[in-house]
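>>> Dropping a prediction and its sequence here:
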Amino acid sequence: MRDHVDVDRLVELTSALVAVDTRNPPGNERAIEGVVRDALDPFDPRWQEVEPAPDRLSLVAAVPHPDGPGPRPTLVVNGHLDVVPVKADQWSTDPFVPTLRDGRLYGRGTADMKGGVAAAIHALDVLARAGRAPAWDVVFHLVADEEVGG
C-alpha cells in the first residue's frame, strides 16, 4: 500500500485544513466545511451536519462501500476540526500559513488534529489507487469544540 500514498496530495490536504483558522475559542468550524467536503465528495458520502452549539459545526460523512450495503463492521473515524489558541510570539512562522521545511509541515493543527483528519481521508485515496476497498463501512465524525470541552 505504501506505493499508493501520494505524499504531495496528503501535504496539500493537510495544508488546506491548516490554512483555515479554527482557533477555539471561538471555533469557526463552518469556515473549514468546504475543504472537508471537497476532500470527501469524490467518495460520494451521505452528509449530516450537527450544530452542537450555535455557530459550531460538526460533520458526519458516511462513505458508502463500493460493494453496496451489506453486513460488515463500521469504522468510525473521529477527529476534531478546532485548534487551540495561538501565542504568535511562540511561532517563527504564521501558524495558519502551512510551511514545509526539511520534510516537515509546520502550522497550527498539523499534529493535532488536522493532519490526522487529512491522513484518514487520504487512506481512502490510497485504497482506491491500490484497487482495494475498505473491509468495513467508513463514517467520518468530524467534530467541533474538542479543545474547550465540547
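Cool, the structure landed.

>>> CA atoms for contacts and neighbours, from now on please.
OK.

>>> Now do the spatially most central residue of the chain against G149, distance only.
Centroid-nearest residue in the chain: V117, 3.0 Å away (criterion: Cα atoms, centre = their mean). V117 sits 19 Å away from G149 when distances are taken as Cα to Cα, to the nearest Å.

>>> cool, and R37?
In terms of Cα to Cα, R37 sits 25 Å off from G149.

>>> quick one: the strands in this protein?
For the chain, the strands defined by DSSP state E cover 46-50, 58-63, 74-80, 99-101, 104-106, 137-143.

>>> Can you lay out those strands as CSV showing mean pLDDT, distance to R2 and mean neighbour count?
As requested, the strands of the chain are exported to CSV (pLDDT from 0 to 100; distance: least, Cα to Cα, whole Å; neighbours: other Cα atoms under 10 Å):
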stretch, mean pLDDT, distance to R2, mean neighbour count
strand 46-50, 95, 28, 13
strand 58-63, 96, 22, 21
strand 74-80, 96, 20, 16
strand 99-101, 95, 21, 12
strand 104-106, 96, 19, 16
strand 137-143, 96, 20, 20
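
>>> Serialize those strands to TSV and add fields for distance to I121.
Shown next, in TSV, are those (distance: least, Cα to Cα, whole Å):
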stretch	distance to I121
strand 46-50	15
strand 58-63	11
strand 74-80	9
strand 99-101	20
strand 104-106	18
strand 137-143	9
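
>>> Those: which one's closest to K87?
When the strands of the chain are compared by Cα to Cα, strand 104-106 sits nearest K87, at 14.8 Å.

>>> excluding its backbone neighbours, what's nearest the residue nearest to the centre of the chain?
Closest residue to V117 apart from its sequence neighbours, by Cα to Cα, 6 or more residues apart in numbering: G79 at 6.0 Å.

>>> show me the residues around that neighbour that make contact.
113-114, 116-117, 140-143 (Cα atoms under 8 Å, 6 or more residues apart in numbering).
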